[in-house]
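Visitor: Sequence first, predicted model second:
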Amino acid sequence: MSSNLAEMESRILQKYQRDINCLSDENRATRKRAVERLKRATVDASKSLSKEELQETFELLIKHLLKLFSDPVEKCRELSIELVSEFAPLVKDFSTALTYVMPVMVARLGQQDIVEPSEELRLSMIVMLASFIDLCGQKISPYLNDTVMILQRTLVDPYHEVKKVKINRTTEFVRILLCAGELQLLL
């Protein structure tokens with residue numbers, strides 16, 4: 001079984017290596033096309049891939065895609081956020097990626113000064129965070145402080161749609177914190 005897993009990892013790496021390399025290319029169009037190709041090959045083709053292949057592919061790509069969350073080109077940031085958002089529900093266990101995802105989310109949304117300049121992308125990231133909480137449930141509890149930091153900053157976000165999503169999801173955030181036995185940390 002482990003040799004089959006190693007073979008699958010090797011095959012997946014070979015399949016996507018060129019696009020992974022293009023994600024860090026200096027040319028913005030090259031980065032954009034790489035994300036678009038990855039989306040077509042993964043999310044758009046998910047019905048033809050096994051859950052194991054999707055999981056391995058996601059684990060291979062997530063760090064590279066997260067780097068694009070701070071890309072200087074808004075379209076590259078948008079496409080990478082979209083790909084991660086659409087990929088997350090397709091994998092067997094998204095919680096394994098929280099170690100990488102949450103620090104990036106905090107860096108973009110949880111700082112004293114909001115780092116992400118695009119209102120629409122901040123909204124997409126808050127919606128994405130809400131979906132991560134749905135996907136991971138109590139497994140997000142180790143990232144309680146990060147989640148609270150993001151929620152605090154988005155409460156004063158100048159874009160009203162971000163506030164609306166955050167307010168609508170507050171009940172869900174509290175329910176998960178209560179279930180995880182972590183709410184006393186907030187009090």
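Guide: The structure has been received and is ready for your questions.

Visitor: residues touching the nearest residue to residue 120 once chain neighbours are set aside, list them.
Guide: Once flanking residues are discounted, residue 120 sits nearest to residue 78: 7.7 Å by Cβ to Cβ, 6 or more residues apart in numbering. Where you see a C-beta, it was placed from the backbone N, CA and C, and this is true even at glycine. Taking Cβ atoms under 8 Å, 6 or more residues apart in numbering, we find residue 78 in contact with 118, 120, 121, 124.

Visitor: Surely the last one is in contact with residue 82?
Guide: Yes - contact between residue 124 and residue 82 holds when scored by Cβ atoms under 8 Å: they sit 7.2 Å apart.

Visitor: In the protein, what residue spans correspond to helices?
Guide: With DSSP state H, the ranges of helices along the chain come out as 2-22, 28-41, 51-67, 74-87, 98-109, 119-136, 144-155, 160-179.

Visitor: gap between the residue nearest to residue 120 and residue 50?
Guide: Separation of residue 78 from residue 50 (Cβ to Cβ, to the nearest Å) stands at 29 Å.

Visitor: Would you mind measuring from the closest residue to residue 165 other than its chain neighbours to residue 171?
Guide: Leaving aside its sequence neighbours, residue 165 sits nearest to residue 126 (Cβ to Cβ, 6+ apart; 5.0 Å). As judged by Cβ to Cβ, residue 126 and residue 171 stand 15 Å apart.

Visitor: okay, these two: which has more neighbours?
Guide: With neighbours defined as other Cβ atoms under 10 Å, residue 126 and residue 171 compare such that residue 126 has more, 24 against 9.

Visitor: Give me the pLDDT value at that one.
Guide: At residue 126, the model reports a pLDDT of 90.

Visitor: Same check on residue 99?
Guide: Model confidence at residue 99 (pLDDT) stands at 95.

Visitor: if I look at it, how far off is residue 143?
Guide: 9 Å.

Visitor: Give me the more crowded residue out of those two.
Guide: residue 143 (23 against 11).
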